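Visitor: Next one to model:
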Amino acid sequence: MKINHAHRPRLVFSGALALTLSACAAPTMVPQAAPPPAPKPTQAPPPPPPAQTYKDWRDAPQTVGDWRYEPGVARFGPGQATLFALACNRAAGTMSLIRTGSSAVSLPMTVVTTSDTRPLSADPAPQGQPQLVATLAARDPLLDSMAFSRGRFVVEVNGLPTLYLPAWAEVGRVIEDCRK
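Guide: As a prediction, this is how the structure comes out:
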């Protein structure tokens with residue numbers, strides 16, 4: 001058997017080339033901390049869902065809160081906040097329906113009870129207080145309708161959330177205070 005020496009230098013050369021290339025290989029990479037993620041684009045929060053409407057106002061959930069009574073005034077709201085108040089002015093013989101909210105002009109206010117619906121005009125409170133006030137005579141029958149409405153009554157003011165208020169004893173009590 002004859003050995004062909006012509007192939008031998010190639011093998012040696014190939015092995016030498018491989019050793020040379022492996023010696024020139026790039027240095028081992030040390031892992032580094034990953035860069036922080038790119039900030040997400042800020043988006044405006046989604047708009048609030050449209051106010052739910054009801055075929056019958058008596059199907060709407062009661063506004064969150066409770067009535068609080070003190071002589072001459074009944075206040076409704078969550079905790080110590082006041083969303084609506086009935087305030088007696090005995091000297092003038094009037095009852096003020098006060099809705100928390102701001103406006104530079106008078107706004108329509110509507111009171112709905114199980115026996116009556118009455119449009120009123122709510123004027124901005126004096127001295128820039130964030131309130132709108134509608135004033136009735138202390139013996140106005142709408143006040144009785146509010147006190148004796150079956151379970152609740154509604155107060156609507158343009159541009160403000162509708163209030164679904166319970167017809168609790170505090171309502172009748174402040175009305176009676178004003179009529180004495």
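
Visitor: Wait, residue 75 touches residue 65, no?
Guide: No - counting by Cβ atoms under 8 Å, residue 75 does not reach residue 65; the two are 9.1 Å apart. In short, each C-beta sits where N, CA and C put it, glycine included.

Visitor: Compare these two (neighbour count), which wins?
Guide: Neighbours were tallied for residue 75 and for residue 65 using other Cβ atoms under 10 Å; the higher tally belongs to residue 75 (22 against 18).

Visitor: ok but the more buried one is inside a helix, no?
Guide: No - counting by DSSP: H, G, I helix; E, B strand; the rest coil, residue 75 falls outside a helix, being strand.

Visitor: Next one: it relative to residue 87, how far apart?
Guide: From residue 75 across to residue 87, the span is 9 Å (Cβ to Cβ, to the nearest Å).

Visitor: Could you do residue 103 as well?
Guide: Per Cβ to Cβ, residue 103 is found 19 Å from residue 87.

Visitor: you'd agree residue 149 is in a strand?
Guide: No - with three-state DSSP as the criterion, residue 149 is coil rather than part of a strand.

Visitor: what's the neighbour count on it?
Guide: Residue 149, neighbours per other Cβ under 10 Å, totals 21.

Visitor: so who does it touch?
Guide: Residue 149 is in contact with 113-115, 167, counting by Cβ atoms under 8 Å, 6 or more residues apart in numbering.

Visitor: give the contact list for residue 169.
Guide: residue 67.

Visitor: swap in residue 88?
Guide: 72-73, 94-96, 138, 174-175, 177-178.

Visitor: beta partners of the nearest residue in space to residue 84 that is not next to it in sequence?
Guide: Closest residue to residue 84 apart from its sequence neighbours, by Cβ to Cβ, 6 or more residues apart in numbering: residue 76 at 4.7 Å. Listed by DSSP bridges, the beta-bridge partners for residue 76 are residue 67, residue 84.

Visitor: So, low pLDDT: which residues of the protein?
Guide: 1-52 (pLDDT under 70).

Visitor: show me where it has strands.
Guide: Using DSSP state E, the strands of the chain run over 66-70, 73-77, 84-89, 94-100, 107-112, 117-124, 131-137, 152-157, 163-166.
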